[in-house]
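In: structure of the sequence below:
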Amino acid sequence: MLHRGQESTDGTGGGELTVPMAWLYAEYIADELLRTGDLMPPTSFEFRAGRDALALTIFLSDTGGELPGIRVVSQLDTWLSLTAYDQPWQDWVRERMAKLAAEAIESGAPAPDLDLAEAAWRWLEETELLAPDLNAVPGGGAVGGEDEGPKVWTPAWQLGLPLGHLAIHLF
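Out: Below is the predicted model:
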């Protein structure tokens, strides 16, 4: 099997499978961060949104083409700054995805990592989850528990990003 950055000598990939190791590793790190934080059940859509948002952040912040490996802890501050509330994360994702797509087209090599990242981004953009309305007036008619307050349909990335950010903090 071929790994990222390796091609057969004829440059076509020889019909061999290219393993999306960078994406799978980013997804694994994101999954571990969220599980350690124990914020949501791993089977929930909210967990998936957090995992995908974090995996995109981890994958796209890897500008050197090599994920940090054992240096994950040294990258936490970078990931925290990228996922912070006041950052234009979605614009950054779009820019990095476009750059990687252009590089993939230019090289002509298969880009299975990018394909998986694009699928995750598409899901985060197109999927809406019912979440508490954080812009609602505090105490505005809510009686009972927090689950009974006003809710609003929210793009999955808007729910997953703060969840991922909090998971990094808790790590």
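In: what are the phi and psi angles of Val152?
Out: Dihedral angles of Val152 (phi, psi; degrees, to the nearest 10) stand at phi -140, psi 150.
In: same question, Leu39
Out: phi -90, psi -30.
In: which residues touch it?
Out: Phe47, Gly50, Leu163, Leu166, Ala167, Leu170 (C-beta atoms under 8 Å, 6 or more residues apart in numbering). In short, each C-beta sits where N, CA and C put it, glycine included.
In: now Trp153
Out: Counting by C-beta under 8 Å, 6+ apart, Trp153 has contacts Glu128, Leu129, Leu130, Ala131.
In: so which of these belong to strands?
Out: If you go by DSSP state E, these have Glu128, Leu129, Leu130, Ala131 in strands.
In: in those residues, which has the lowest confidence score?
Out: In terms of pLDDT, the weakest of the ones in strands among the contacts of Trp153 is Ala131, which scores 84.
In: any idea how many residues pack against the residue nearest to that residue when sequence neighbours are not counted?
Out: Of all residues not flanking Ala131 in the chain, Thr154 sits nearest, at 4.5 Å (C-beta to C-beta, 6 or more residues apart in numbering). Look at Thr154: counted by other C-beta atoms under 10 Å, it has 18 neighbours.
In: Leu34: which of the ones in strands among the contacts of Trp153 is nearest?
Out: Nearest to Leu34, judged by C-beta to C-beta, of these is Leu129 at 15.4 Å.
In: please, where are all the strands along the protein?
Out: For the chain, the strands defined by DSSP E occupy 128-132, 151-155.
In: related to what we said a few turns ago, tell me which two of the contacts of Trp153 sit farthest apart.
Out: Glu128 and Ala131 (9.0 Å).
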